[in-house]
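Undergrad: The following block contains a protein sequence and its predicted model.
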Amino acid sequence: MKWLLRSPSMTLSGTCKISLRLSVDGDKSSLNESLDVTTTSGDHEVQDQVKRVLSKMKKSDSGPKDYEDRNKLPDNVSSKYPLLRHRRKLIVIALDCYDQSGASDKKIIQVVQEIFKAVRLDSQSARFTGFALLTAMPASETVEFLASGKIQANEFDALVCSSGSEVYYPGTYTEEDGRLFPDPDYSSHIDYRWGCEGLKKTIWKLLNAPDGVRILGSSNQIEEDLKSSNSHCISYLIKGPSKARKVDDLRQTLRMRGLRCHPMYCRSSTQVHTVPLLASRAQALRYLFVRWRLNVANMYVFLGESGDTDYEEMIAGTHKTIIMKGLVGKGSEELPRTSGSYLRDDNVPPQSPLVAIVNGQAPTADEIATALKQVSKSAAGM
């Protein structure tokens, strides 16, 4: 039996259409038999009704299907399943290493290459180990940055870009011209009650009036960043980080207005990204677990000592964490919370056997491999 998915805002007539399809889209012989019965019974009126319904269904099949088209890969995109289906371990690199202008620091390239070497020291384990890169950069900028360090994007099984608003599978979901195509299922998942246009106006007003009052004639505190924005990520450049709202205050104000979203400061507090409530880098890892059956306990997440304001969400959990000490010079740690909010220790345990620390200034493959073995043994003894 073939099931057809529809949007949650489906009308009653849509429900009727689905029930009709479920009854006739399976075995054609049963349909022919039902027509024969109506013919022999002499009820021509019922037979005409059935034919009219079938003709309408054929027309609807050939017509546009907005929901299906939005979640279906284009013809020029490969439909192979990503290699994540066969991975037993996943090395997640989520190092928020940027300079004062928000551009990616080149030293992260060397760290990524050393992580590759460390994993490949064990040839048997490397066969079942995949890599994922989590970043606030858009996909085009991420691919360009990796290419500058002679790292191919398809060396990663997954790229989570724009602060968790898009998930890509290099080497699998790619168009003919080589461009990456985002996971349509993830896009559909985070799209629930996402009001992009209304959010743009509200965030613009809130961030340009941090104290709730906009002074007439004053300059704007933010500027729209179209290059980093997409259908599920609203990006603004921050001109004065010292005057910006704390992210807790911003999140509370937006939710009091009934706006379901997840705001965060990123790239050394030079940008603010607003993504759907179900989207973030941590939520993307949970999606990979559900979608591709990747055990979260077999994920190894590489972080700096600080990072974007969603950084703390990726420390605690059943996964293993390796912190690269001294690698990230400046994150967005001054903008996460207000004075009356919860503290970092309330969200992140001060000590955990699932967390290892590595010198991030000039890490070697052997040091990284030792840290991976350390957290694996600690987890096994818990």
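TA: The structure has been received and is ready for your questions.
Undergrad: Check the residue nearest the centre of the chain and give its pLDDT.
TA: By Cα atoms, centre = their mean, the mean C-alpha position of the chain lies nearest to Gly164, the distance being 3.4 Å. What the model reports as pLDDT for Gly164 is 96.
Undergrad: Return the residues in contact with it.
TA: Leu134, Val275, Ala279, Ser280, Arg281, Ala282, Gln283, Ala284, Asp310 (Cβ atoms under 8 Å, 6 or more residues apart in numbering). C-beta coordinates here come from the backbone N, C-alpha and C atoms, glycine included.
Undergrad: Filter those residues down to just the ones in helices.
TA: Within those, residues falling in helices by DSSP state H are Arg281, Ala282, Gln283, Ala284.
Undergrad: Return the member of these nearest to Asn154.
TA: Asn154 has its nearest neighbour among the ones in helices among the contacts of Gly164 in Ala284, at 18.7 Å by Cβ to Cβ.
Undergrad: dump the residue contacts of Arg127.
TA: Counting by Cβ under 8 Å, 6+ apart, Arg127 touches no other residue.
Undergrad: if I look at it, how far off is Ser268?
TA: Relative to Ser268, Arg127 is positioned 37 Å away (Cβ to Cβ, to the nearest Å).
Undergrad: repeat for Ser229
TA: Ser229 sits 19 Å away from Ser268, going by Cβ to Cβ.
Undergrad: again with Ala371
TA: On the measure of Cβ to Cβ, Ala371 and Ser268 end up 26 Å apart.
Undergrad: sorry, back to before: which one's more surrounded, Ser229 and Ser268?
TA: Neighbour tally, Ser229 and Ser268, criterion other Cβ atoms under 10 Å: the higher count belongs to Ser268, 24 against 19.
Undergrad: Give me the spatial nearest neighbour of that one, chain neighbours excluded.
TA: Among residues not flanking Ser268 along the chain, Tyr98 sits closest, at 4.5 Å (Cβ to Cβ, 6 or more residues apart in numbering).
Undergrad: one step back: so which of the ones in helices among the contacts of Gly164 comes closest to Thr253?
TA: Of all the ones in helices among the contacts of Gly164, Gln283 has the smallest distance to Thr253: 21.4 Å, by Cβ to Cβ.
Undergrad: how far away is the closest residue to that closest one other than its chain neighbours from Ile151?
TA: In space, and not counting its chain neighbours, Gln283 is closest to Gly164: 6.0 Å by Cβ to Cβ, 6+ apart. Using Cβ to Cβ, one gets 21 Å for the distance from Gly164 to Ile151.
Undergrad: Run through the residues that contact the residue nearest to Ser268.
TA: Taking Cβ under 8 Å, 6+ apart as the test, what Tyr98 contacts is Ser104, Asp105, Arg267, Ser268, Thr270, Lys330.
Undergrad: How about the contacts made by the third one?
TA: What that stands for is Arg267. So Arg267 contacts Asp96, Tyr98, Gly102, Ala136, Met137, Asp308, Ser332 (Cβ under 8 Å, 6+ apart).
Undergrad: now the second one
TA: Counting by Cβ under 8 Å, 6+ apart, Asp105 touches Cys97, Tyr98, Asp99, Gly329.
Undergrad: Could you report the pLDDT at the second one?
TA: It stands for Tyr98. So, for Tyr98, pLDDT stands at 92.
Undergrad: Look up which residues are beta-bridged to it.
TA: Ser104 (DSSP bridges).
Undergrad: What's the end-to-end length of stretch 144-160?
TA: End-to-end span of stretch 144-160 (Cα to Cα, to the nearest Å): 15 Å.
Undergrad: do stretch 136-152 as well
TA: First-to-last residue span, stretch 136-152, Cα to Cα: 19 Å.
Undergrad: What of stretch 294-302?
TA: End to end - Cα to Cα - stretch 294-302 spans 17 Å.
Undergrad: cool, stretch 143-161 as well?
TA: Termini of stretch 143-161 sit 10 Å apart (Cα to Cα).
Undergrad: what's the model's confidence in that stretch, averaged?
TA: The model assigns stretch 143-161 a mean pLDDT of 95.
Undergrad: cool, stretch 184-200 as well?
TA: The pLDDT scores in stretch 184-200 average 88.
Undergrad: Export it to PDB, keeping only CA atoms.
TA: Output in PDB follows, covering the C-alpha atoms of stretch 184-200 (Å, rounded to 0.1, in the frame of the first residue of the first chain):
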ATOM      1  CA  PRO A 184      15.000  18.200   2.200                       C
ATOM      2  CA  ASP A 185      13.800  16.100   5.100                       C
ATOM      3  CA  TYR A 186      15.700  18.200   7.600                       C
ATOM      4  CA  SER A 187      14.400  21.400   6.000                       C
ATOM      5  CA  SER A 188      10.900  20.000   6.300                       C
ATOM      6  CA  HIS A 189      11.500  19.000   9.900                       C
ATOM      7  CA  ILE A 190      12.700  22.500  11.100                       C
ATOM      8  CA  ASP A 191      10.100  24.400   9.000                       C
ATOM      9  CA  TYR A 192       7.300  23.700  11.500                       C
ATOM     10  CA  ARG A 193       5.600  27.100  12.400                       C
ATOM     11  CA  TRP A 194       8.600  29.000  11.000                       C
ATOM     12  CA  GLY A 195       7.600  32.600  10.200                       C
ATOM     13  CA  CYS A 196      10.500  34.100   8.500                       C
ATOM     14  CA  GLU A 197       9.100  37.400   7.300                       C
ATOM     15  CA  GLY A 198       7.500  38.300  10.600                       C
ATOM     16  CA  LEU A 199      10.700  37.500  12.400                       C
ATOM     17  CA  LYS A 200      12.800  39.800  10.200                       C
END
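Undergrad: in that stretch, what's buried?
TA: For stretch 184-200, a neighbour-count test (16 or more other Cβ atoms under 10 Å) marks Pro184, Tyr186, Ser187, His189, Ile190, Asp191, Trp194, Cys196, Leu199 as buried.
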